[in-house]
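K.L.:
Sequence plus the predicted model coming up.
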Amino acid sequence: MADRLDLSGRHIVLGLSGGIACYKAAELARELVKAGATVQVVMTEAATHFITPVTMQALTNRPVYTHQWDPREANHMAHINLSREADAVLVAPASADFMAKLVHGRADEILSLLCLARPAERVPLLVAPAMNREMWAHPATQRNVAALRADGVSVLGPAAGDQACGEVGDGRMLEAAELRDELIAFFQPKRLAGQRVLITAGPTFEAIDPVRGITNHSSGKMGFAIARAAQEAGAQVTLVAGPVHLPTPAHVRRIDVQSALQMHDAVMPLAAAHDVFIATAAVADWRPVAAAEQKLKKDGSGRPPAIEMVENPDILAVVARLPQRPYCVGFAAESHDLLRHAQDKRARKQVPLLVGNLGPATFGQDTNALLLVDEHGHRELPQADKLTLARQLVAEIATRLTPPTR
Ligand code: CTP
């Protein structure tokens, strides 16, 4: 997914105010450029004490602006020109002092000047606070953050953790890749604004004994990509994940489970309170009746032990029959006859939308192709990386939630 150009065509003014987190701004500039954006760096005088304009210019391939008296601008109005051509202004790091200036509309240097001068209705302002935890927790800073939010500024982070001063707490700037993803999410259409989306993902693990179990090749990547895409689209997302080693998408609530029964027990109390349920998990159809308490040993007879199995509940089918059911989307991982199996499964599970994919071709891969089957017929979403497909699927789901008024 690394080479998707999610910020292609976007022109970003990246503002740096003073703080040790300026070192992360170099990587951030690089990430934004790699994602396809053009990046214009503007630095306060304080920021230049932490990182040089030379570094930022080399990374963005554009001269950096560091003061409002820049003679390069023919009209001598850098603050107007820079703010008019931007698709967004991102201040990272945003120091406590810089945020205080924004709150008061002060404009005594180039960065605060251009923030104030930007046409707020079409050039959004995002800030990534970075400061010592006491400075962040101070009522003055918290008042300022609230005031900025009220003014329509998006506040990204901060994160908690080790700080340059040696203390530990809230106030670290988000990492470069996190800020890049926040910006990408910011630009996604909010097709699912206000919707609550519940997703299952990954395989399940059905224990045979304390060291063995039955599982499958599902990597969880498609479900996690859908969780991210739904969140980017403005939804409140809960992700019930089987055993996978994937990072949780930002702002997604994650519940980890192992077995199909645990997945069922996690989903059931939540389902009715969600608007959409997307079942991407490859749930084991059967489980051993009871896991042995001790490791099963060979008995020397050459005969494997008989493991008695029992069927797992069909989570999707149960949710789809709830009186207060969310809009249900099922997945079908097949090895052949995709359309026929997907149509059969849609009817059997009584879900409005069933998404077919070829299991062996997708499990563990970064790309996939999907076949959408609904009451009107079927439609293919051709081979693409999983996040691209997830966004397309989210768009398809969104149109089905709000039927066009004729
Ligand atoms: N599913 C579920 N709970 C189960 C089994 C499946 O929620 N116990 C969901 C999956 O998450 C998926 C859909 O049902 O959305 C279809 O899963 P799949 O394993 O392909 O279908 P099965 O019902 O197991 O059918 P079969 O084994 O015959 O292919």
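P.N.:
Nice, I can see it.

K.L.:
Quote the end-to-end distance of stretch 242-256.
P.N.:
One end of stretch 242-256 to the other measures 6 Å (CA to CA, to the nearest Å).

K.L.:
sorry, that was for stretch 370-388
P.N.:
11 Å.

K.L.:
Any buried residues in that stretch, and which?
P.N.:
By neighbour count with 16 or more other CB atoms under 10 Å, stretch 370-388 contains the buried residues 370, 371, 372, 373, 374, 381, 384, 385, 386, 387, 388. No exception for glycine: its C-beta is placed from N, CA and C like everyone else's.

K.L.:
same thing with stretch 281-293?
P.N.:
281, 282, 283, 284, 287, 288, 292.

K.L.:
that older thread, overlap between the buried residues of stretch 370-388 and the residues near the ligand?
P.N.:
Among these, proximity to the ligand is found for none (CB under 6 Å from any ligand atom).

K.L.:
Please flag which of the residues you listed sit within strands.
P.N.:
370, 371, 372, 373, 374, 381, 384, 385 (DSSP state E).

K.L.:
Turn those into JSON lines, columns for pLDDT.
P.N.:
JSON lines is the format used below for those (pLDDT from 0 to 100):
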{"residue": "370", "pLDDT": "95"}
{"residue": "371", "pLDDT": "96"}
{"residue": "372", "pLDDT": "97"}
{"residue": "373", "pLDDT": "97"}
{"residue": "374", "pLDDT": "97"}
{"residue": "381", "pLDDT": "96"}
{"residue": "384", "pLDDT": "95"}
{"residue": "385", "pLDDT": "96"}
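
K.L.:
Can you tell me which residues in the chain are near the ligand?
P.N.:
So far as CB under 6 Å from any ligand atom goes, the chain lies against the ligand at 200, 260, 279, 281-283, 285, 312, 314-316, 330-333, 345.

K.L.:
Tell me which of the residues you listed has the lowest pLDDT.
P.N.:
In terms of pLDDT, residue 333 ranks lowest among the residues of the chain next to the ligand, with 88.

K.L.:
Sheet-wise, list the partners of the strand or helix carrying it with their directions.
P.N.:
Assigned by DSSP states H and E, residue 333 belongs to strand 327-334. Strand 327-334 sits in its sheet next to strand 276-279 (parallel), strand 353-358 (parallel), going by DSSP bridges.

K.L.:
what about the strands in the stretch 51-200 of the chain?
P.N.:
88-94, 125-129, 154-155, 159-162, 168-172, 196-201 (DSSP state E, counting those that start in this stretch).

K.L.:
Can I get those strands in CSV including distance to residue 16 and mean neighbour count?
P.N.:
Output for the strands of the stretch 51-200 of the chain, formatted as CSV (distance: least, CB to CB, whole Å; neighbours: other CB atoms under 10 Å):
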stretch, distance to residue 16, mean neighbour count
strand 88-94, 7, 27
strand 125-129, 10, 26
strand 154-155, 17, 16
strand 159-162, 18, 12
strand 168-172, 16, 19
strand 196-201, 36, 26
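
K.L.:
out of these, which comes closest to residue 337?
P.N.:
When the strands of the stretch 51-200 of the chain are compared by CB to CB, strand 196-201 sits nearest residue 337, at 24.2 Å.

K.L.:
In space, what's closest to whatever residue of the stretch 101-250 of the chain ends up closest to the ligand - neighbours in sequence excluded?
P.N.:
Residue of the stretch 101-250 of the chain nearest the ligand, by CB to the nearest ligand atom: residue 200 (5.7 Å). Closest residue to residue 200 apart from its sequence neighbours, by CB to CB, 6 or more residues apart in numbering: residue 281 at 3.7 Å.

K.L.:
and if you look at residue 51?
P.N.:
That would be residue 22: by CB to CB, 6+ apart, it lies 4.3 Å from residue 51.

K.L.:
what's near enough to touch that neighbour?
P.N.:
By CB atoms under 8 Å, 6 or more residues apart in numbering, the residues touching residue 22 are 16, 47, 50, 51, 93.

K.L.:
Closest one of the buried residues of stretch 281-293 to the ligand?
P.N.:
residue 283 (3.5 Å).

K.L.:
The closest one against residue 263, yeah?
P.N.:
Yes: counting by CB atoms under 8 Å, residue 263 is a contact partner of residue 283 at 6.4 Å.

K.L.:
intersection of neighbour lists for those two?
P.N.:
200, 204, 315.

K.L.:
pretty sure the first one is touching residue 315, no?
P.N.:
This means residue 200. Yes: taking contacts as CB under 8 Å, residue 200 lies within contact range of residue 315: 6.6 Å.

K.L.:
Find residues that contact each of those two.
P.N.:
263, 267, 279, 281, 283.

K.L.:
Name all residues that make contact with the first one.
P.N.:
Just to be clear, that refers to residue 263. Contacts of residue 263 (CB under 8 Å, 6+ apart): 200, 204, 240, 242, 257, 281, 283, 315.

K.L.:
Check the burial of the residue lying closest to residue 114 once chain neighbours are set aside by counting its neighbours.
P.N.:
Spatial nearest neighbour of residue 114, chain neighbours left out: residue 79 (4.1 Å); criterion: CB to CB, 6+ apart. Applying other CB atoms under 10 Å, we find 24 residues neighbouring residue 79.

K.L.:
which residues does residue 79 contact?
P.N.:
68, 107, 110, 113, 114, 117.
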